[in-house]
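Engineer: sharing a model that was predicted from the sequence below.
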Number of protein chains: 2
Amino acid sequence: MKTIKDIAEEAEVSTGTVDRVIHDRPGVSKKTKEKIRKLLDKYDFERNILASTLALKKKYSIATLIPTYKSKTDFWYEPHKGLKFAFQEIKNYGVKAYRFYFDLLDHESYKNALNQILELNPDGVVFAPFFYNTSLDFVEKLNSRNIAYVCINIDIEATGHLSFIGQDSFQSGYLCGKLLDISTERKQHLAIILSKKDIDNHHAIAARVDGFMNYFEQRKIKRIIKKVYVEKFGLSEVGAILSNGLMKDDCIKGFFVPSSASYILAKFLDSMDMTDIHIVGFDAHQYNLDYLRKGSIDFLIDQNPFEQGYVGVKILFEYLLLKKLPKLKYSSPMIIVTKENIDHFKVASAVEFLV
Amino acid sequence: MKTIKDIAEEAEVSTGTVDRVIHDRPGVSKKTKEKIRKLLDKYDFERNILASTLALKKKYSIATLIPTYKSKTDFWYEPHKGLKFAFQEIKNYGVKAYRFYFDLLDHESYKNALNQILELNPDGVVFAPFFYNTSLDFVEKLNSRNIAYVCINIDIEATGHLSFIGQDSFQSGYLCGKLLDISTERKQHLAIILSKKDIDNHHAIAARVDGFMNYFEQRKIKRIIKKVYVEKFGLSEVGAILSNGLMKDDCIKGFFVPSSASYILAKFLDSMDMTDIHIVGFDAHQYNLDYLRKGSIDFLIDQNPFEQGYVGVKILFEYLLLKKLPKLKYSSPMIIVTKENIDHFKVASAVEFLV
DNA sequence: CTGAAAGCGCTTACAG
DNA sequence: CTGAAAGCGCTTACAG
């Protein structure tokens, strides 16, 4: 591996001049430039990033914004870990992390965080764009200031974003269709439980439901599928609806829960000793996993939320530091979790290295 | 973030002395040592790894050995990519990679590679220990020379290994039991197809079969499960056996293929227009994926082989450079792949960053 | 247009 | 036991 010094010696110039050529900085005569280029090519020169970042004292600031988590079992604890882990990895590269959090139920806290980020004026932003219109305003401001940003979990589809990391909701619903279909007999009825105000991301939930229905339509499978609405996805609400005649239509043997709250349904059914009901839901957080392990939930679709945080930061970092343009979209995986692989669905490369 | 210089100034010593304390090198009086330790603690000092590796001109050599791949669709292409990717990431840290390959069908080529590695005398080795006894000999030599090594894909369970990265075969077979069970009706018969000489890792295959059978035993599910043996897992061999009366017992509607060759069975059944047969197998390489997409294979269990290569090198690197002791075992995930998530089962963090 | 020099933060061989 | 100095490979402000 040749160094800048080697090249400089062979070209009979100073290292400063070689550096200028490498970075296409002006102030080098055409002749020397070409001489140096040739040598660079000849030796397949790659600069030592370590030495480069060390000398280049440039500091980058990256701001992140995701919902708060109350405990380690929350969904958003995982992206949080991913962010932290990525920052840990790159901290020696002069990247300063500013992590912000907001309350999912509090629009104001979201606005506040966005304002703080704008005040900070970072080089890049990684965030989960809840509250569509507010996010759109924010993004416009970022654009006008030329601040790069990456969306995770939720796609805002605005112009100017560097990349989005999240799941294809329609397809994941489609997958749930298959799993619930093979978990039940064709003559049994199915139901989808929907919450009227799904704060977290109703676009995604609608798309999951569409995908689910599409599975049966496309494959021309005739099944009775009921949509059940609850005001709020709580134990009492779910219990009230289900006790109230619905389960008397006792052919309902399978439930699809397009939000991450399937454990609540499982809890209710368990309390009623209804053990022959099948449930397919989303997100492998601890509450859901407990019921999966018990057998009350059949399948969960996980999207590796850790990775959404991790990849978000890594993409931004490589863009800022190495000018590497990422893909516009990184599809989060649709990881099928069931009782039999419950301890083996996580990928070591991301999780295990965490210090 | 404080630097060594900052600490040195505050302690009124030279940076060299601080460095000695940080690395517990001898030649510092108890008194100054304590003074410096306190400051280090106070400021939560973490040394800049970039600067450290740059100054520390130490070079590490890591040798790797895995089977060759003939095309990008081969199973072993993925670990190969993982190795390459990991080396790419750490190349600036003074790590020199020596990648060796051997022919799965040629014991001699394996021995040759091992000898070359011993001659090279690297600081660490990452390898897939095929050919048990030969590997055991090799490992003993590594131990006597104090060379660290990591096993991937296959566990050799010898003393002295730093870590193993691979799947829990029994449990993955158990998972296949569940998947084939729910894909078929209880009254239908099942079969397991085994090759008499499974070069690649018969231990693992036996464990998968045990796990598969155990699923039904443990849950007291009574099903007829036949074991079918072929001399070699080729299209004609499989065809001969299945045509030969076996399928006349036409209740066999589900096959478990504990090797990675399920596409061969799928190909045969397709050619026979037997479309109502269900197959569960291993490894999401291209041949298998093609039949999964067609619907001829129901489920594949993937183990993220990319990651086995990647994590193997990363573990060794962190051990050599940062003295970080890894876990003895990293469980590869059991990724359930089916037609509906076939384009969404890979994890972005590992695959997408590949240059 | 070009070079010499200083510096990024850490490490080490040498001198005392 | 301790410090001053040189160096890892790259970058940049300054001088010419």
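Structural biologist: Now that the structure is in, tell me what you want to look at. Numbering: from 1, shown residues only, chains lettered A, B, ... in the order given.
Engineer: give the contact list for the residue in the stretch 101-250 of chain A that chain B sits nearest to.
Structural biologist: Chain B sits closest to residue A:175 of the stretch 101-250 of chain A, with a gap of 4.0 Å, by Cβ to the nearest Cβ. Where you see a C-beta, it was placed from the backbone N, CA and C, and this is true even at glycine. Neighbouring residues of residue A:175 by Cβ atoms under 8 Å, 6 or more residues apart in numbering or on different chains: A:211, A:215, A:301, A:334, A:336, B:338, B:340-341.
Engineer: of those, grab the buried ones for ChimeraX.
Structural biologist: To isolate the buried subset of these in ChimeraX, counting by 16 or more other Cβ atoms under 10 Å in any protein chain shown, use the following:
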select /A:211,215,301,334,336 /B:338,340,341
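Engineer: for DNA strand D, state which of the contacts of residue A:175 is nearest.
Structural biologist: Comparing the contacts of residue A:175 against DNA strand D with Cβ to the nearest atom of the strand places residue A:334 closest, at 40.7 Å.
Engineer: tell me the contacts of the closest one?
Structural biologist: Here residue A:334 is in contact with A:167-168, A:171-172, A:175, A:301, A:303, B:341, B:344-345 (Cβ under 8 Å, 6+ apart).
Engineer: quick one: which of the residues you listed sit in helices?
Structural biologist: Those of these mapping onto helices are A:171-172, A:175, per DSSP state H.
Engineer: what would these look like in JSON lines with pLDDT and distance to DNA strand D?
Structural biologist: As requested, the ones in helices among the contacts of residue A:334 are arranged in JSON lines below (pLDDT from 0 to 100; distance: Cβ to the nearest atom of the strand, whole Å):
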{"residue": "A:171", "pLDDT": "96", "distance to DNA strand D": "42"}
{"residue": "A:172", "pLDDT": "96", "distance to DNA strand D": "43"}
{"residue": "A:175", "pLDDT": "97", "distance to DNA strand D": "46"}
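Engineer: could the contacts of residue A:334 be laid out in TSV, adding distance to DNA strand C?
Structural biologist: Formatted as TSV, the contacts of residue A:334 follow (distance: Cβ to the nearest atom of the strand, whole Å):
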residue	distance to DNA strand C
A:167	40
A:168	43
A:171	47
A:172	45
A:175	48
A:301	44
A:303	38
B:341	45
B:344	42
B:345	41
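Engineer: domain parsing for chain A?
Structural biologist: A:4-47, A:60-167+A:305-333, A:169-302 (automatic domain parsing).
Engineer: returning to what we had before: only the buried members of the contacts of residue A:334: can you turn that into a PyMOL selection?
Structural biologist: Buried members of these can be picked out in PyMOL with the line below, counting by 16+ other Cβ under 10 Å:
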select buried, (chain A and resi 167+168+171+172+175+301+303) or (chain B and resi 341+344+345)
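Engineer: taking the stretch 151-300 of chain A, what residue is nearest to DNA strand C?
Structural biologist: At 28.2 Å from DNA strand C, residue A:162 is the closest residue in the stretch 151-300 of chain A, using Cβ to the nearest atom of the strand.
Engineer: quick one: that residue from residue A:196, how far?
Structural biologist: Plainly put, residue A:162 is 35 Å away from residue A:196 if you go by Cβ to Cβ, to the nearest Å.
Engineer: helices of chain A, start to end?
Structural biologist: A:4-11, A:15-22, A:30-42, A:49-55, A:77-90, A:107-120, A:132-145, A:169-183, A:202-218, A:235-243, A:262-271, A:286-294, A:305-322, A:348-351.
Engineer: other SSEs contacting the longest one?
Structural biologist: Yep, that's helix A:305-322 we're talking about. If you count contacts as 3 or more Cβ pairs under 8 Å, 6 or more residues apart in numbering or on different chains; DSSP states H and E, helix A:305-322 packs onto strand A:60-67, helix A:77-90, strand A:95-102, strand A:124-127, strand A:148-152, strand A:163-166, helix A:348-351, helix B:348-351.
Engineer: quick check, central residue of chain A?
Structural biologist: Residue closest to the average C-alpha location in chain A (Cα atoms, centre = their mean): residue A:308, at 3.0 Å.
Engineer: circling back: which of the helices and strands packed on helix A:305-322 sits most buried?
Structural biologist: Ranked by mean neighbour count, the helices and strands packed on helix A:305-322 are led by strand A:124-127 with a mean of 28 (mean count of other Cβ atoms under 10 Å in any protein chain shown).
Engineer: contacts for that strand next, please.
Structural biologist: By Cβ under 8 Å, 6+ apart, the residues outside strand A:124-127 that reach it are A:60-66, A:83, A:117, A:142, A:147-152, A:162, A:309, A:312-313, A:316, A:319-320.
Engineer: what's the average pLDDT for it?
Structural biologist: Strand A:124-127 carries an average pLDDT of 96.
Engineer: so for the nearest residue to residue A:263 once chain neighbours are set aside, what's the pLDDT?
Structural biologist: Nearest non-adjacent residue to residue A:263, counting by Cβ to Cβ, 6 or more residues apart in numbering or on different chains: residue A:287, 4.1 Å away. pLDDT for residue A:287: 93.
Engineer: what do you get for residue A:182?
Structural biologist: The confidence metric pLDDT takes the value 94 at residue A:182.
Engineer: was I right to think it contacts residue B:185?
Structural biologist: No: contact between residue A:182 and residue B:185 fails when scored by Cβ atoms under 8 Å: they sit 10.9 Å apart.
Engineer: those two - which one has more neighbours?
Structural biologist: Per other Cβ atoms under 10 Å in any protein chain shown, whichever of residue A:182 and residue B:185 has more neighbours is residue A:182, with 19 against 13.
Engineer: please tell me how far the closest residue to the more buried one other than its chain neighbours sits from DNA strand D.
Structural biologist: Distances taken as Cβ to Cβ, 6+ apart put residue B:182 closest to residue A:182, at 5.4 Å, once the chain neighbours are dropped. Separation of residue B:182 from DNA strand D (Cβ to the nearest atom of the strand, to the nearest Å): 57 Å.
Engineer: check the gap between residue B:182 and residue A:193 for me.
Structural biologist: Residue B:182 is 22 Å from residue A:193, by Cβ to Cβ.
Engineer: with residue A:180 instead?
Structural biologist: 12 Å.
Engineer: common neighbours of these two, please.
Structural biologist: Listed as contacting both residue A:180 and residue A:193 by Cβ under 8 Å, 6+ apart are A:255-256.
Engineer: surely residue A:191 and residue A:228 touch.
Structural biologist: Yes: with contact defined as Cβ under 8 Å, residue A:191 counts as touching residue A:228 (5.2 Å).
Engineer: looking at those two, which has the bigger crowd around it?
Structural biologist: Set residue A:191 next to residue A:228 and count neighbours by other Cβ under 10 Å: residue A:191 wins out with 23 against 15.
Engineer: show me what the more buried one is bridged to.
Structural biologist: residue A:226, residue A:255 (DSSP bridges).
Engineer: and it, how far is that from residue A:271?
Structural biologist: Counting by Cβ to Cβ, the gap from residue A:191 to residue A:271 is 18 Å.
Engineer: still on that earlier bit, dump the residue contacts of the residue nearest to the centre of chain A.
Structural biologist: Shown in contact with residue A:308 (Cβ under 8 Å, 6+ apart): A:78-79, A:82, A:152-153, A:165-166, A:332.
Engineer: any idea of the pLDDT on the residue nearest to residue A:141 when sequence neighbours are not counted?
Structural biologist: Closest residue in space to residue A:141, ignoring its immediate chain neighbours: residue A:118 at 6.1 Å, by Cβ to Cβ, 6+ apart. Residue A:118 is assigned a pLDDT of 95 by the prediction.
Engineer: quick one: neighbours of residue A:118, just the number.
Structural biologist: Per other Cβ under 10 Å, the neighbour tally for residue A:118 reads 16.
Engineer: that one contacts residue A:139, doesn't it?
Structural biologist: No: between residue A:118 and residue A:139 there is no contact under Cβ under 8 Å: 11.3 Å.
Engineer: which residues are in contact with both of these two?
Structural biologist: Residues touching both residue A:118 and residue A:139 (Cβ under 8 Å, 6+ apart): none.
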